[in-house]
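A.B. asks: Can you look at this prediction? I've put the sequence above it.
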Amino acid sequence: GTRTHAVAMDAVPLIDAQTAAILGSVNKFAIQQHVKWIDNCIEQPNTYTIYNLETHQRLIRVQEQSECLPRLCCSPNHGVVLQFSALDPSGTEMFPVITMEREGCCSKLCLGNAVCCDLCANEAFVHAGSVLMTAEHPPGKLPKHNVIGRCKVPVPFGGGLTPTIQVMDRTATSDTHWANATGPTCFGGCSELCCSVPFAVHRVANGNGKVGLDLLSVATISKIKPKTLGAMARELLSDSDIYELEIHDPTITPQQRATLIGTALLMDYMFFEKDMDCLKCDSQGNIVFNLFNMFCCGVLWPCTMSIPTRG
């Protein structure tokens, strides 16, 4: 909800005052991916709208920029640049707020496989303002002078049996690992129809990467289960998802909140962008239900059940 006390300050404030006010005044965000039914045939750039969950006010529009061929051939492991634009009450875009980039498998050749080195690990940078993708600066290679945060899968093993994303904050000299977002071992597939998927965000102790046992979660990122039959049909037939980010600790700064929103979107590309993840037909025409995916060392292993359609 809207806080009445002062907004926490960033160590290196790079976002403008309007953006800081938008991010710092909301504790519950909803992130809704737009439905694009043609997506199941031809992969389209993603679009998201970010809302104030309590007032349902539209805050930010997010539009993916990506090259056509990698998106068609390599999705969801293609390189992306996400442009965030503030919205007025009518939903009209006003001004750019932040930019996020994720390097894809054209240059990180092992992306999407077991995490054994940096070439296998997903990583996203969050920048203040608008930073455009060009031929000289593809995703992952944008200028880094306005970076406000970073989120990265740990190397090696990506968290083992626990999907983990490390969250970094910009400091005066480098960046500081200040939190881990961790999720369940099993999720996705048909289990998404009846279960939300929570990722708890915990502060790490003194930047050493270890979560203290006495530290409560400072935020929660959740992929939300469908609440209506229409939403269930959308879940079955598209890769359009809804996420919620709830801030539990009001001392989280606006730029840290921006990085947590970026973390939620990185999760979407990493874990929830598989087309027809619940059911599909195999080459023999059998109906295959994916009950859930099991995470191990950066790879999602589907647990499936096949129903033959022929005698």
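C.D. replies: Okay, I see it. Numbers count the residues shown, from 1 in each chain.

A.B. asks: least trustworthy helix or strand in the chain by mean pLDDT?
C.D. replies: Sorting the helices and strands of the chain by mean pLDDT, DSSP states H and E puts helix 229-237 at the bottom, at a mean of 73.

A.B. asks: What would that helix look like as CSV? C-alpha coordinates only.
C.D. replies: Taking Å, rounded to 0.1, in the frame of the first residue of the first chain, the C-alpha atoms of helix 229-237 are listed here in CSV:
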residue,chain,number,x,y,z
LEU,A,229,-12.0,-20.7,-15.6
GLY,A,230,-10.9,-18.1,-18.2
ALA,A,231,-7.6,-17.6,-16.4
MET,A,232,-7.2,-21.4,-16.3
ALA,A,233,-7.8,-21.6,-20.1
ARG,A,234,-5.2,-18.8,-20.6
GLU,A,235,-2.7,-20.8,-18.5
LEU,A,236,-3.3,-23.9,-20.5
LEU,A,237,-3.2,-22.3,-24.0
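
A.B. asks: Give me the buried positions along the helix or strand just after that helix.
C.D. replies: Counting by DSSP states H and E, the next helix or strand C-terminal to helix 229-237 is strand 242-247. Applying a neighbour-count criterion of 16 or more other C-beta atoms under 10 Å, one finds I242, Y243, E244, L245, E246, I247 buried in strand 242-247. The C-beta positions use only the backbone N, C-alpha and C, and glycine is treated the same way.

A.B. asks: Could you save the residues you listed as TSV and add columns showing pLDDT and distance to A17?
C.D. replies: Below are those laid out as TSV (pLDDT from 0 to 100; distance: C-beta to C-beta, whole Å):
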residue	pLDDT	distance to A17
I242	93	30
Y243	97	27
E244	98	26
L245	98	22
E246	98	24
I247	97	19
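
A.B. asks: Which stretches in the stretch 51-200 of the chain count as strands?
C.D. replies: 58-65, 80-87, 93-102, 123-128, 147-152, 164-170, 175-182, 186-187, 197-203 (DSSP state E, counting those that start in this stretch).

A.B. asks: Let me see the contact set for the closest residue to L109 other than its chain neighbours.
C.D. replies: Using C-beta to C-beta, 6 or more residues apart in numbering and skipping the chain neighbours, the partner closest in space to L109 is L119 (6.2 Å). L119 makes contact with K108, L109, C110, L111, according to C-beta atoms under 8 Å, 6 or more residues apart in numbering.

A.B. asks: Let me know the pLDDT of the nearest residue to D88 once chain neighbours are set aside.
C.D. replies: Spatial nearest neighbour of D88, excluding adjacent residues (C-beta to C-beta, 6+ apart): M94 at 5.4 Å. We have a pLDDT of 95 for M94.

A.B. asks: for E273, same thing?
C.D. replies: 88.

A.B. asks: so it, which of the three states?
C.D. replies: coil (DSSP: H, G, I helix; E, B strand; the rest coil).

A.B. asks: right, and it touches N77 too?
C.D. replies: No - here E273 does not reach N77: they are 9.1 Å apart, not a contact under C-beta atoms under 8 Å.

A.B. asks: If you count surrounding residues, which of these two has more?
C.D. replies: Neighbours per residue, other C-beta atoms under 10 Å: of E273 and N77, the larger number sits with N77, 21 against 18.

A.B. asks: C105 is in contact with the more buried one, correct?
C.D. replies: Yes - the pair N77 / C105 is scored as a contact, 4.3 Å apart, by C-beta under 8 Å.

A.B. asks: Report the buried residues of stretch 111-124.
C.D. replies: By neighbour count on 16+ other C-beta under 10 Å, the buried set for stretch 111-124 is L111, G112, V115, C120, A121, N122, E123, A124.

A.B. asks: for the record, mean pLDDT for stretch 297-308?
C.D. replies: Averaged across stretch 297-308, pLDDT comes to 93.

A.B. asks: what distance separates that stretch from the centre of its chain?
C.D. replies: 22 Å (C-alpha atoms, centre = their mean, to the nearest Å).

A.B. asks: Please apply the same query to stretch 282-293.
C.D. replies: 26 Å.

A.B. asks: Just the CA trace of it, in PDB.
C.D. replies: Extracted in PDB, the C-alpha atoms of stretch 282-293 (Å, rounded to 0.1, in the frame of the first residue of the first chain):
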ATOM      1  CA  ASP A 282       3.900 -36.200 -28.700                       C
ATOM      2  CA  SER A 283       5.100 -37.400 -32.100                       C
ATOM      3  CA  GLN A 284       2.900 -40.600 -31.800                       C
ATOM      4  CA  GLY A 285      -0.200 -38.500 -31.200                       C
ATOM      5  CA  ASN A 286      -0.400 -39.400 -27.500                       C
ATOM      6  CA  ILE A 287      -1.600 -36.700 -25.000                       C
ATOM      7  CA  VAL A 288       1.200 -35.800 -22.600                       C
ATOM      8  CA  PHE A 289       0.500 -34.100 -19.300                       C
ATOM      9  CA  ASN A 290       3.400 -32.400 -17.600                       C
ATOM     10  CA  LEU A 291       2.500 -32.800 -13.900                       C
ATOM     11  CA  PHE A 292       5.300 -30.500 -12.700                       C
ATOM     12  CA  ASN A 293       8.900 -29.600 -13.300                       C
END
